[in-house]
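[1] here is a sequence with its predicted model. Questions after.
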Amino acid sequence: MGRRQPSRVEPGPSGTHTNARHFGSAQGAFQGSRPGLLAFAAVSEHSSQTTDETPSSRVKAGLSLDEILAGVVVLWAVMIVGIVSFVVIFFGDSEETVAVRREVRIELSDFEIQPDVVDVARDVELVFLVENVGEGQHDLTIGPDRTTGRLKPGESAQLVAGPTRESYSIWCSIKGHRALGMEARIEVER
Ligand SMILES: [Cu+2]
């Protein structure tokens with residue numbers, strides 16, 4: 001009676017479908033090795049008879065093979081749920097904490113920045129690979145201290161933008177160029 005309680009716990013808080021599938025396959029595997037289980041059941045019954053008759057051992061001796069089988073299957077299901085949960089948590093964490101580096105090519109021209117919108121996930125280490133494909137000088141600027149400096153036509157430079165947190169603008173800081181259209185957006189997914 002007491003051994004049956006775990007079966008009520010079996011459908012965990014997450015992934016009931018997956019659990020049910022594993023539960024079924026585990027049961028199938030155990031039905032295949034029934035002789036081994038019979039031997040196991042016989043041994044456990046024997047040992048419980050030779051020890052002192054505590055209330056718990058009396059319950060154990062009264063268990064039918066099917067009850068033992070159900071208990072083992074439930075244990076298997078709980079183990080599988082645990083492993084699946086661990087994997088889900090592990091991968092969920094890795095997306096948020098492990099730094100992903102992404103290089104983005106940026107072309108400066110007269111008077112455009114291409115691409116003009118870059119969609120990127122949060123917590124990505126962004127590096128801009130900037131090339132001036134225009135006919136005049138340009139730069140790529142993120143903030144007061146974050147700029148490639150002036151690039152002559154044909155020149156290129158790298159600009160490390162760091163981890164993405166919120167959306168922001170990038171632009172050319174040469175007077176008048178931003179107003180002429182040399183601005184782009186980095187859109188960080190929320
Ligand atoms: Cu410019």
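    Cool, the structure landed. Numbers count the residues shown, from 1 in each chain.

[2] any residues of this structure in contact with the ion? List them.
    Within the chain, the positions near the ion by C-beta under 5 Å from the ion are 138, 172, 174, 177, 182. No exception for glycine: its C-beta is placed from N, CA and C like everyone else's.

[3] buried subset of those residues?
    138, 172, 174, 177, 182 (16 or more other C-beta atoms under 10 Å).

[4] CSV please, covering the residues you listed and showing secondary structure, pLDDT and distance to Phe128.
    Listed next are those as CSV, based on DSSP: H, G, I helix; E, B strand; the rest coil; pLDDT from 0 to 100; distance: C-beta to C-beta, whole Å:
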residue, secondary structure, pLDDT, distance to Phe128
His138, strand, 98, 13
Cys172, coil, 98, 13
Ile174, coil, 97, 17
His177, coil, 98, 17
Met182, coil, 98, 14
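
[5] possible to save those as JSON lines with distance to Arg146?
    Formatted as JSON lines, these follow (distance: C-beta to C-beta, whole Å):
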{"residue": "His138", "distance to Arg146": "15"}
{"residue": "Cys172", "distance to Arg146": "13"}
{"residue": "Ile174", "distance to Arg146": "15"}
{"residue": "His177", "distance to Arg146": "17"}
{"residue": "Met182", "distance to Arg146": "16"}
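
[6] spatially, which two of those are the most separated?
    Ile174 and Met182 (8.0 Å; C-beta to C-beta).

[7] any common contacting residues for the two?
    Counting by C-beta atoms under 8 Å, 6 or more residues apart in numbering, the contacts common to Ile174 and Met182 are His138.

[8] for this structure, which segments are assigned as helices?
    6-9, 16-32, 34-50, 55-61, 65-97 (DSSP state H).

[9] quick one: Ser169 from Leu159, how far?
    According to C-beta to C-beta, to the nearest Å, Ser169 stands 14 Å off from Leu159.
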